[in-house]
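[1] Structure of the sequence below:
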Amino acid sequence: MQVFNCDQCGHLVFFDSVECLHCGATLAFLPQSLEIAAMEPLENDRWRRTGQKGAQTSAVQRFCRNRTEYKACNFTVDDSDPHALCVSCRQTRWLPDLSDLANLRRWRQIEAAKRLLYYNLARLGLRPRPGERAPVYHLLEDLEGQPRVMTGHDNGTITLNVAEADDEERARRRISLNEPYRTLIGHLRHECGHFFWDLLIKDTPNLERFRILFGDEREDYGEALQRYYAKEDKLTGWQDSFISSYAQSHPWEDWAETWAHYLHMVDLLETAASYHTRVTVPDPAQPHDQRVENPFGANRPDFATMLEQWVPLTLLLNSLNRSLGHLDAYPFALSAGARCKLLWVHELLQQHRYDSELQYVDEAASPEM
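    Now for the predicted structure:
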């Protein structure tokens, strides 16, 4: 995630900011341009960008209804859009009981993670165009007498148990499942990987390459998971070929885990680049100093460069965490097998972006019938 600057005063602001702490300007995120903007009020609860960008050239906006009613969003909606909710919030189709203050807090946290995911996907060229299919979300709570809500993906619908927003519950599940890492954004990145498998791989020429790298997804999924959880040695022997222990359970899960890690990579690299981070690996024999490059910059680094910068950056991140008494923020080591799969995700997304841009140019150039 890049950092932003206030339109009015230039002070540092952030992706989820609603007010500049330096000058007091009202802020909102413009999902069309992926920018934080200082906003000036108009009539009838309309707003327009102000400050350095110039209000006269900016479209009229409304705040997402979840901001005005619940203080749970900072995205805007174009005034010509008939929806009251922003492009991220409208993807949520089911909510828990928000009269429960605990659920209200959980929902706000999950929606914040969803907006970050929206930004990640938009930066990767995966923002749905009008008429295109997008993932939808069911945010559900466990209810007495009802089956337990399981986080997962089913035919484009991502279900998340809202209890995952509670740090203590997430930690309990992480420990009980012997997982090194469990976060809200991690869940969403993983589960959306299943959606994009359907979009980018299923019934496409990419399926053959997928099966070479990840295995045959036609293996019975339920039986594969049962075997995985029954294995006493499931935490060993996977490191050479998989990015996590869970990735070995089934090719679909291997893909989703790899996809999530690729999103971790590009987001952390973009964040580091926005702070002009330079990383020096402390090797007395051969010190190596380099500035982290933005994977979405004008001169995008290739995957080899991204990986070369990713490894020392995560070492630094983990060392900083340990200095504060926390566990490693990124408790993974990338084997040759995992790197090969990450490379393919990178190449697949580069090709998808190229094909989408060509299609957009062709459609724009076509005469109206």
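[2] tell me the contacts of the spatially most central residue of the chain?
    Centroid-nearest residue in the chain, with Cα atoms, centre = their mean: L117, separated by 3.0 Å. When contacts are counted by Cβ atoms under 8 Å, 6 or more residues apart in numbering, L117 is found next to I185, L188, R189, C192, L263. All C-beta atoms are positioned from the backbone trio N, CA, C, and that covers glycine.
[3] ok, now T50?
    T50 is in contact with D7, Q8, A25, A38, M39, E40, S58, counting by Cβ under 8 Å, 6+ apart.
[4] follow-up on the earlier one: and the residue nearest to the centre of the chain, what helix or strand is that in?
    Using DSSP states H and E, L117 sits in helix 101-123.
[5] again, but for R174
    Using DSSP H and E, R174 falls in helix 167-176.
[6] For the next helix-or-strand element following that helix, which residues meet the burial criterion?
    Per DSSP H and E, the first helix or strand lying C-terminal to helix 167-176 is helix 184-200. Buried residues in helix 184-200, counted by 16 or more other Cβ atoms under 10 Å: 184-197, 199-200.
[7] Break down the stretch 151-300 of the chain into its helices, ranges please.
    For the stretch 151-300 of the chain, helices defined by DSSP state H, counting those that start in this stretch occupy the ranges 167-176, 184-200, 206-214, 221-230, 251-274.
[8] So what touches the shortest one?
    Residues outside helix 206-214 that contact it (Cβ under 8 Å, 6+ apart) are L200, I201, E217, P251, D254, W255, T258, C340, K341, W344, L348.
[9] So L98 is in contact with W107, correct?
    Yes - with contact defined as Cβ atoms under 8 Å, L98 reaches W107; the gap is 6.3 Å.
[10] Which one's more surrounded, those two?
    W107 (23 against 15; other Cβ atoms under 10 Å).
[11] OK, contacts around that one?
    Contact analysis of W107 by Cβ under 8 Å, 6+ apart lists A72, L95, P96, L98, L139, V162, A165.
[12] how about low-confidence regions in the stretch 101-250 of the chain?
    232-233 (pLDDT under 70).
[13] hang on, isn't L317 packed against F332?
    No - judged on Cβ under 8 Å, L317 makes no contact with F332 at a distance of 11.6 Å.
[14] Mutual contacts of these two, please.
    Common contact partners of L317 and F332 (Cβ under 8 Å, 6+ apart): none.
[15] quick one, the helix or strand that R322 is a member of and helix 251-274 angle?
    Using DSSP H and E, R322 sits within helix 303-323. Relative orientation of helix 303-323 and helix 251-274, computed by axes from the mean of the first three to the mean of the last three Cα atoms, to 10 degrees: 80 degrees.
[16] Let me see the mean pLDDT of helix 303-323.
    The average of the pLDDT scores along helix 303-323 is 91.
[17] What residues of stretch 23-39 count as buried?
    The neighbour-count check on stretch 23-39 (16+ other Cβ under 10 Å) flags A25, T26, L27, A28, F29, L30, P31, L34, I36, A37, A38, M39 as buried.
[18] tell me the phi and psi of the second one?
    What that stands for is T26. phi -70, psi 130 (degrees, to the nearest 10).
[19] From I36, how far off is it?
    Separation of T26 from I36 (Cβ to Cβ, to the nearest Å): 11 Å.
[20] burial of the closest residue to N178 other than its chain neighbours, as a residue count?
    Sequence neighbours aside, L235 is the residue nearest to N178 in space, at 5.8 Å (criterion: Cβ to Cβ, 6 or more residues apart in numbering). Neighbour count of L235, defined by other Cβ under 10 Å: 13.
[21] wait, isn't L235 in contact with S245?
    Yes - the pair L235 / S245 is scored as a contact, 5.3 Å apart, by Cβ under 8 Å.
[22] Give me the common contacts of the two.
    Counting by Cβ under 8 Å, 6+ apart, the residues touching both L235 and S245 are N178.
[23] still on that earlier bit, please compute how far the helix holding L117 lies from its chain's middle.
    Remark: helix 101-123 is offset 10 Å from the chain centroid, using Cα atoms, centre = their mean, to the nearest Å.
[24] Tabulate the CA atom coordinates of that helix in CSV.
    Below are the C-alpha coordinates for helix 101-123, written out as CSV (Å, rounded to 0.1, in the frame of the first residue of the first chain):
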residue,chain,number,x,y,z
LEU,A,101,-21.8,-3.9,19.2
ALA,A,102,-19.2,-6.7,19.0
ASN,A,103,-20.5,-7.6,15.6
LEU,A,104,-20.5,-3.9,14.5
ARG,A,105,-16.8,-3.7,15.5
ARG,A,106,-16.0,-6.9,13.7
TRP,A,107,-17.8,-5.9,10.6
ARG,A,108,-15.9,-2.5,10.5
GLN,A,109,-12.6,-4.4,10.7
ILE,A,110,-13.5,-6.8,8.0
GLU,A,111,-14.7,-4.1,5.7
ALA,A,112,-11.4,-2.3,6.2
ALA,A,113,-9.6,-5.4,5.1
LYS,A,114,-11.9,-5.8,2.1
ARG,A,115,-11.1,-2.2,1.0
LEU,A,116,-7.4,-3.0,1.1
LEU,A,117,-8.1,-6.1,-1.0
TYR,A,118,-10.0,-4.0,-3.5
TYR,A,119,-7.0,-1.7,-3.8
ASN,A,120,-4.6,-4.7,-4.2
LEU,A,121,-6.7,-6.2,-7.0
ALA,A,122,-7.2,-2.9,-8.7
ARG,A,123,-3.5,-2.3,-8.8
